[in-house]
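**Q** Have a look at this prediction, sequence included:
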Amino acid sequence: MESIIVRGNGALSGQIPIAGAKNACLTLMPATLLSDEPLTLTNAPRLSDIRTMTELLQSLGAEVSTTQDGQVLVLSSQKLSSTRADYDIVRKMRASILVLGPLLAREGRAEVSLPGGCAIGARPVDLHLRALEAMGAEMELRDGYVHASAPGGLKGGVFEFPTVSVGATENALMAATLAKGTTVLKNAAREPEIVDLAQCLRRMGARIAGEGSRTITIEGVDRLGGATHPVVTDRIELGTYMLAPAICGGEVECLGGRIDLVGAFCEKLDAAGISVAQTGAGVKVSRTNGGIRAVDVTTEPFPGFPTDLQAQMMALLCMAEGTSVLEEKIFENRFMHAPELMRMGADIDVSGGTATVRGVERLKGAPVMATDLRASVSLILAGLAAEGETIVNRVYHLDRGYERVEEKLGNVGAHIERVSGQ
Ligand SMILES: CC(=O)N[C@H]1[C@@H](OP(=O)(O)OP(=O)(O)OC[C@H]2O[C@@H](n3ccc(=O)[nH]c3=O)[C@H](O)[C@@H]2O)O[C@H](CO)[C@@H](O)[C@@H]1O
Ligand SMILES: C=C(OP(=O)(O)O)C(=O)O
């Protein structure tokens, strides 16, 4: 099994290229199921989750080819051979549920394994099912699978999400493109990945208005065609690497970064005493003098502070002057990084959805265990600023969402390497 070894270091300096967004690509890929013409995605990230989605789509009969550098995906679903998303693939990745809406819209039926819970929370899919039911789908839960059908095709409907859900909005949006009539999605998610999906679907011929606002209106069309679409920048990878110079000191430019993708996060960095500026090429972050100030953070749906940056922000605040309070409002169990950070000398109390972090002067390297994707990278960030060596085990979580992390951080001066067999 592989591990990442990080040795505490001084200031960082240089540039880090930011990849296309994992979470956008994972919803754009199933959009291929809506059309019999090819969908080409450029700026795709090279990640294990993308390979899992490729495997899932291929199991349904789609053809997926990748350029040698892995950045262009050509997906073709001319003829589908199955409507069943098997447990063996779905269990590897929750985003697999995103094939449900497209399959149902194109084929009138789908059988998708329930993804189940995961380390960060229970993560039910009831809202995905209810939104599709509002379009006339019939759902039955049997043998651990959702058996969905819409024999006469989906029909436009009005659905108000009781809670904002990124995945359920994506599933409903994709399905509605081929439903008969108009669908209105209220209290929809406003994340940049939703906007990216709507733009891609529009390129395929869909009629969508209002993405990025709380209400999305979709006029169903008879068929969708092919398209070429660039995957939006990964705002979570961006925020993660913005924290590297914030934690270690120095100045790093994140190439391709856009402040508008991480507005609420930048406000917190500013309050913590970190300088952030948009440049022609990306986002430049520096901490050249002065310490880190404590700040309070509450996670919220976009445009609020993203839950996917909470663990990394906690790594920064472990070394702030003063006490910070982090409230996790999206997932019920997303503080597993806290005990690992405490192994490195952090002073953190967790009570329910609240973590109180009292800043310490210095963290100390230790062997730690990655429990999920963002937790893993928070431990790497903490290790960069700790005294001595930190060994992060179970890095397969990291490879779901970060490509070439050692190379990207190594190029700005971090002491980081991947080793096998630890
Ligand atoms: C592949 C992908 O894009 N993953 C992202 C997506 O996950 P995902 O789409 O799974 O997250 P949701 O926005 O759906 O979850 C938000 C909240 O709604 C709840 N909920 C969701 C669906 C449902 O049917 N019922 C229900 O109760 C969830 O348990 C959670 O408490 O958005 C999350 C919130 O920004 C991010 O952390 C994930 O990185
Ligand atoms: C939680 C995440 O992903 P997923 O929804 O695929 O588990 C994430 O990207 O941080």
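**A** Noted; the coordinates are in hand. Source: prediction; values computed, not measured. Numbering: from 1, shown residues only. Ligands and ions are numbered 1, 2, ... in the order given.
**Q** next one: phi and psi at the closest residue to ligand 2 within the stretch 201-350 of the chain?
**A** Among the residues of the stretch 201-350 of the chain, residue 308 lies closest to ligand 2, at 4.1 Å counting by CB to the nearest ligand atom. All C-beta atoms are positioned from the backbone trio N, CA, C, and that covers glycine. For residue 308, the backbone dihedrals (degrees, to the nearest 10) come out as phi -70, psi 0.
**Q** next one: residue 4
**A** Residue 4 has phi and psi values of phi -110, psi 130 when expressed as degrees, to the nearest 10.
**Q** Please verify my assumption that it contacts residue 416.
**A** Yes: in this structure, residue 4 is within contact of residue 416 by CB atoms under 8 Å, at 6.4 Å.
**Q** Look at the two and report which has more neighbours.
**A** Between residue 4 and residue 416, counting by other CB atoms under 10 Å, residue 4 is the more crowded of the two (25 against 21).
**Q** Spit out the contact partners of the more buried one.
**A** By CB atoms under 8 Å, 6 or more residues apart in numbering, the residues touching residue 4 are 380, 391, 392, 395, 398, 405, 406, 416, 417, 418, 419.
**Q** Just the ones of those in helices?
**A** Within the contacts of residue 4, residues falling in helices by DSSP state H are 380, 398, 405, 406.
**Q** Neighbour-wise, give me the winner out of those.
**A** residue 380 (27 neighbours).
**Q** Tell me the pLDDT of the closest residue to residue 135 other than its chain neighbours.
**A** Leaving aside its sequence neighbours, residue 135 sits nearest to residue 154 (CB to CB, 6 or more residues apart in numbering; 4.3 Å). Each residue has a pLDDT score; the one for residue 154 is 98.
**Q** Could you do the one 4 residues further on as well?
**A** Residue 158 carries a pLDDT score of 98 in this model.
**Q** Quick check on it: phi, psi?
**A** Per-residue torsions, residue 158: phi -110, psi 130 (degrees, to the nearest 10).
**Q** For the closest residue to residue 136 other than its chain neighbours, give its distance to residue 179.
**A** Nearest non-adjacent residue to residue 136, counting by CB to CB, 6+ apart: residue 155, 4.4 Å away. To residue 179, residue 155 is 6 Å away according to CB to CB, to the nearest Å.
**Q** Mind checking which of the two has more residues around it?
**A** Higher neighbour count among residue 155 and residue 179: residue 179, with 26 against 17, using other CB under 10 Å.
**Q** picking up where we left off before, does the residue nearest to residue 136 really touch residue 135, like I thought?
**A** Yes: assessed by CB under 8 Å, residue 155 is found in contact with residue 135 at 6.0 Å.
**Q** who touches both of the two?
**A** Shared contacts of residue 155 and residue 135, counting by CB under 8 Å, 6+ apart, come down to residue 179.
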